[in-house]
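Colleague: Next input, structure requested:
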Amino acid sequence: MTRIFIAILLFFIMCMPVQAEQKPSVSAEAFGQLAYISSLKLSPDGKKIAALMNVDGRIGLLTKKFNSNDPKDIFFTDFPKGEFNWYRWANNNRLIISVRFPSKRGRTRTRETRLVAIDWDQKNQINLIKSQRKQGKKFQSQIQDSIVSMLPDDDDHVLLSLDDSIHGYPDVFKVNIHTAKRAAQIRSWQDVAIWKADAKGVLRLGYAINSRAKTKAKYIYRRNKDASWETLVKEDLIDRNRKFTPVGFSADENIIYISKPNEYGNRSYYYYDVANKKILDQIAGRENMDIRNLIYDENGQVNGYEYYDGKLVSVYFDKKDRQIQALLKKNFPDHVSIIVSHDKAKHKFIILVTSPVQPGRYFYLDIENRILRFYGSRNPLVDQSKLSPMKNITFKARDGLDIPAYLSLPKNSKKAEKLPTVILPHGGPRGRDRWGYDYWVQFLTTRGYAVLQVNYRGSTGYSMTFRDRGYHEWGGRMLDDINDGARWLIAQGIADKDRLCIMGGSYGGYAALQSLVKEPGLYKCSIAFAPVTDVYRMLGERKKFMFSKWMVHYVKSDEQSLSEISPIRNIKKINIPILLLHGTKDRVVLFQQGKNFANALKSKKKDIRFVKFEEGDHYLSKQEHRIEFLKEVENFLEKNLQNGSDPK
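Modeller: Next comes the predicted model:
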């Protein structure tokens, strides 16, 4: 393994004349470009490859023979009326593609998905859900891409979860990927909202939510296809009293994999004896952080686990995988190297290599022929020489809790003293920022701004205890943590208190606005993308969807009313310049949230610039919107923080 050499293969050279002509830069156009290539996947036999490719700002699916650059062996398809959600090889010649798009059902704005099957050479395209009928009337399910199993021993079918009988409580069908004919495997039953199959495609686990109480849930389980279903574990979504969560199946039908907190309050994984209802040996666990997930082999058996220790760490049990990991670590030090695809025989691999200063490079690894060669870059237009590293830091919140964060400093700053600074809280709020490339962060550092990303209480990946500290703190201590991070940077002499701005998207956008209410005078300006501005209205909109009662419980607090934690109800306290941007087809935080807030501030003669992205979604999925967003941010910060740094 150690004698594997690096070779260069210009795999995508025929398809990238525009990128080849452009010199890498740190312009808004370079940072705002959607990934040129992404989601590379080998066919099971390793003879073909597919990738999502950016052509003139639109993402399409490229398929080709692996060892050929002959135009007759390269194919490209696009879905102009939707966005690619994901795709998978169903067999060596056929792929399944999920497409998403915004829609409306009655007065409810929705996000829909459709499932398409297509040959690798773009022939024989069909929608896998051709027709549905309920009570004699035609209809279409909102979500049509919930694959339960790819059925590894059956090249012609997949198992698909689909709302066909009762909305929100799906049936499971065996669907022919050539004809779209489907046969019911199990009908909507016992309020099961999520079905899970084992590695062979046998339905063995269901997650049920009581259709009346809405907060009572349980997992049901069966040992094999002929066994009876039994209740495995119950939970109350409000009380959070679940003993464990089943996550997978071992080769022994009486032993499953579960997750639960260890003695330190961190997510860990264990074997569980179903027959004797007993927790057995630990599979993976750590004293100071959550285990992110288990890694499974092609037979569904545990082959390792992942966790974040500043950056992503993967631990493998299989000897071959450990050797590959050692090889990648040797060739790509100070980077995260992830196996994103491999053939069924595990002889050929696609590797993604990333870091804060590396947007992403794909490599092809052939173990049998001892070859490791470059395949393509995700963002070739970005000048990597000007990007900034990320540093893990920890500071104390006002109540003494340790808060983790990432600090990125402009590469061209001579001293980390009194820098113009942007505080950048993440969305979710049950999410986290991670060590790696972030185009918002790097765009800001190349303009001379220090950037602090605070993983406030409620963020995931540190411990279940830390995550659960977010309950009832939507407008409370979560915001305190973010603002305490800003004050810590000032106290350290890094941030200039007179040139401090807060910026974020989704919940981060909410924090960028509500922090002005909670701590007036701390920030000189605020940038909010797709923000929640009216918490009461947000919760009202969620009533139509599952887990709405849990959401209300999570957000509400005895210490503050919903009005007190809603920016739109407190505009009198907001007296600094605001840049607000929102997409008209946002289905996560509705456009009306941003529009109403902007109108309210304008009516009071407040300093606000409102930018509307026509047909834009919650994720800045359109390239033109990303570029416009970055240009607006650059101009706004230059005006309000008077940085004067030249990114060129």
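Colleague: can you give me the helices in the stretch 451-600 of the chain?
Modeller: Across the stretch 451-600 of the chain, reading from the start of the chain, the helices by DSSP state H, counting those that start in this stretch fall at 464-468, 477-491, 507-518, 535-542, 548-555, 591-603.
Colleague: Now tell me what touches the longest one from outside.
Modeller: So the one you mean is helix 477-491. Here helix 477-491 makes contact (Cβ atoms under 8 Å, 6 or more residues apart in numbering) with 395-399, 401, 403, 405, 407, 421, 423, 425, 429, 450, 452, 454, 456-458, 469-470, 495-497, 500, 502, 511, 514-515, 518-519, 522-523. (Glycine included, C-beta is placed from N, CA and C.)
Colleague: if we can go back for a sec, nearest to Ser621, out of the helices of the stretch 451-600 of the chain?
Modeller: In terms of Cβ to Cβ, the element of these nearest to Ser621 is helix 591-603, at 14.8 Å.
Colleague: Could you check the angle that closest one makes with helix 507-518?
Modeller: Using axes from the mean of the first three to the mean of the last three Cα atoms, to 10 degrees, one finds that helix 591-603 and helix 507-518 are set 30 degrees apart in direction.
Colleague: average pLDDT for helix 591-603?
Modeller: Average pLDDT, helix 591-603: 97.
Colleague: What of stretch 306-324?
Modeller: What stretch 306-324 shows for mean pLDDT is 93.
Colleague: Only C-alpha atoms, please: export it in CSV.
Modeller: The C-alpha coordinates for stretch 306-324 follow below in CSV (Å, rounded to 0.1, in the frame of the first residue of the first chain):
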residue,chain,number,x,y,z
GLU,A,306,-17.1,8.5,13.3
TYR,A,307,-16.9,11.4,15.6
TYR,A,308,-15.8,15.1,15.7
ASP,A,309,-12.6,15.9,17.6
GLY,A,310,-12.3,19.4,16.2
LYS,A,311,-12.5,17.8,12.8
LEU,A,312,-14.0,14.6,11.5
VAL,A,313,-12.3,11.3,12.7
SER,A,314,-13.2,7.9,11.2
VAL,A,315,-12.3,4.7,13.0
TYR,A,316,-12.4,1.4,11.0
PHE,A,317,-12.4,-2.2,12.3
ASP,A,318,-11.6,-3.8,8.9
LYS,A,319,-7.8,-4.2,8.3
LYS,A,320,-8.0,-3.2,4.6
ASP,A,321,-10.0,0.0,5.5
ARG,A,322,-7.4,0.8,8.1
GLN,A,323,-4.6,0.5,5.6
ILE,A,324,-6.5,2.8,3.2
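Colleague: pLDDT below threshold where in this structure?
Modeller: Applying pLDDT under 70 to the chain picks out residues 1-21, 135-136, 213-214, 643-648.
Colleague: Show me the residue at the heart of it, geometrically.
Modeller: Gly431 (8.7 Å; Cα atoms, centre = their mean).
Colleague: Please list all residues in contact with that one.
Modeller: Remark: with contacts taken as Cβ under 8 Å, 6+ apart, Gly431 is in contact with 459-460.
Colleague: Are we agreed that Glu634 is in a strand?
Modeller: No - with DSSP: H, G, I helix; E, B strand; the rest coil as the criterion, Glu634 is helix rather than part of a strand.
Colleague: Neighbours of it, how many?
Modeller: For Glu634, the count of nearby residues is 18 (other Cβ atoms under 10 Å).
Colleague: what do you get for Asp558?
Modeller: For Asp558, using other Cβ under 10 Å, the count is 6.
Colleague: Was I right to think it contacts His472?
Modeller: Yes - A contact is recorded between Asp558 and His472 when judged using Cβ atoms under 8 Å, the distance being 7.3 Å.
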